[in-house]
Every structure is written in structure tokens, then in C-alpha cells.
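>>> Provide a 3D model corresponding to the input given below.
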Amino acid sequence: MQFKSMVVSNVELSPNYFRMRMTAPQELLASAPGQFLMLKVTDAIDPLLRRPFGLFDVGTFTAEYAGCGTQAYCEILYKVVGKGTKLLSALHHGDVVDLLAPLGRGFDLGPAGEEKVLVGGGVGLAPLYYLAKALVARGEKVRLFAGGRNRDDILCITEFERLGVETYVATDDGTLGESGFVTQVLERHLNKGMRIFACGPTPMLGAVAKMAALHEVPCQVSMEAYMACGVGACLGCVMKGANHTEDTPDYRCVCKDGPVFDSFELQWS
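Residues are numbered from 1 along each chain as shown. This is a model prediction of the structure:
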């Protein structure tokens, strides 16, 4: 769907990291964890392209100010890294943006009874919160492994803990949680009978995918990529599939075939 959305709140969580809530049509409540939206910041020509953001949360709230009772909403997490996100950070309650959502392929929650392990870094935690809500609602045991360069990169841990998710934190400089990579913490707790869901920087996802293969643990990864259209038309976000060679190309569109993939579908070398 393409629709106009009103900004409800736009809060800075830590330096340059924001959490934005926007109104949404009721149909968006059927979105799957792991799907994303494409957001047009302004009606101006510059910036021309929409920006992709994973769905951090989808739900309803009482919109008394609008006189319309219960209102659906969607939320995103984002980091200010360029012109588009800088403009986004300046938006306030009542401002209007244009959204295209829901897009892409979300997570397969897997069979009940497995221990679910979530691994995220920075804004890669965004789709994992919506996923955690869905898993907890099914009565699943969920653990979160969150990593970042420093404490400012660790977002919304309290929200995960309120769901009853057991959390582990690691930072490169040791300013929060353990010192080192989050994959090092994950490896100490990994065993068969688990299912991994990961989102974050590609090097981290590659390390998680290799670890999962070594321990024979099912693993899904949500890939981050620059996107122009979000629907597979421009082919600007392709990446190599597991069977790719120069003679037999195998490309996957992150926006259409993903952003969630089984880790064995992709070529990590």
C-alpha cells in the first residue's frame, strides 16, 4: 500500500539514533516481522529516492487528539547518516510523510518448542523487536544477543526485557556488557535445538551464518542494502546467491526475495 502517514512521535534514543511512530492503515497490522517500508521524507525533488526502514513495531493506540478512537501505527528505528535521515530527524508530531508498505519477505517463525535466538547490532535490532513480540505471543523462549561499537549503539534493550526476553550485550569498547564482538558471546551459548534470527552489518551476519552452519543450527538473516524502489524493479540491491559463479550467475534481490533469507541461500565469501 502507498499511503500518507502522520508523525506521532520522533524521539532521540541516543546520539543520532531515533525512534519514530507514524499512523498507519489498519491493514498494516497484518505485516509480518521482518518486512519493511519505503519512506519519502518530503514532497520535494531532493532527496529523490525513498529510504528503506525495517518495521520495529506495529500496533494500535488511542488517538484522542485526532478524535478517531483507536488508530493503527508503525514504528521505525533509524540512525542519522545522511541528508535523508537528517531531514527525518527534524520531523515533529503532525508532520506528514509518504509510505510504501509492507514490503519484502519476513521471518519464518519456525516450529514451536525450539529456543529462538535473536542477534542484532545497531538499527539491526529494529525488525527483531517486532519478531520478539510475535514469538513471545506464541509462548516461545527467546534470547537476544545485542552488539555495537559502544553503549550508544545498544538500543531499546529495556523494551525487549519487558517482553520477558533474556538479553546479552557486548560492545567493542566494553562500555556496556561484555567487551568484544557479540558473535563471541553467541558462540558460547549456541547449541542444537536453537533457531537463529539475525539482522545487522553484513560482516556480522556472515560470521553468524558460518557459526550456524558449523553447529548445524537453522539461521535466518535480514539483509541491509541500498534500495531505490523496494519492489524488485530497479535491481539496485542485488547480492550473490549461494550458487553464484561467473558462468552461472545467481543473484537475489534484497527487497523482493528478502530482506530475510535462510543463511544458506547467500554467498558469504
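>>> isn't residue 165 up against residue 136?
Yes. If you go by CB atoms under 8 Å, residue 165 and residue 136 touch, sitting 7.0 Å apart. (C-beta placed from N, C-alpha, C; glycine too.)
>>> which neighbours do these two share?
Common contacts of residue 165 and residue 136 (CB atoms under 8 Å, 6 or more residues apart in numbering): residue 142.
>>> looking at these two, which is more packed in?
residue 165 (22 against 16; other CB atoms under 10 Å).
>>> could you report the separation of that one from residue 60?
Counting by CB to CB, to the nearest Å, the separation of residue 165 from residue 60 is 22 Å.
>>> now swap in residue 38 and tell me
With the distance defined as CB to CB, residue 38 ends up 23 Å from residue 60.
>>> helix or strand for residue 13, which one?
strand 2-14 (DSSP states H and E).
>>> ugh, wrong one, residue 144
Counting by DSSP H and E, residue 144 is found in strand 142-148.
>>> so how far is that strand from its chain's centroid?
On the basis of CA atoms, centre = their mean, to the nearest Å, strand 142-148 sits 13 Å off its chain's mean C-alpha point.
>>> and the angle from the strand holding residue 13 to strand 142-148?
70 degrees (axes from the mean of the first three to the mean of the last three CA atoms, to 10 degrees).
>>> with just CA atoms, put strand 2-14 into CSV.
The C-alpha coordinates for strand 2-14 follow below in CSV (Å, rounded to 0.1, in the frame of the first residue of the first chain):
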residue,chain,number,x,y,z
GLN,A,2,1.0,3.6,-0.6
PHE,A,3,-0.4,6.0,2.0
LYS,A,4,0.1,9.3,3.8
SER,A,5,1.1,8.9,7.4
MET,A,6,1.2,11.4,10.2
VAL,A,7,4.2,11.5,12.6
VAL,A,8,3.0,10.8,16.1
SER,A,9,6.4,11.0,17.8
ASN,A,10,10.1,11.2,16.9
VAL,A,11,12.3,10.6,19.8
GLU,A,12,16.1,10.5,20.0
LEU,A,13,17.1,7.4,21.9
SER,A,14,20.9,8.0,21.9
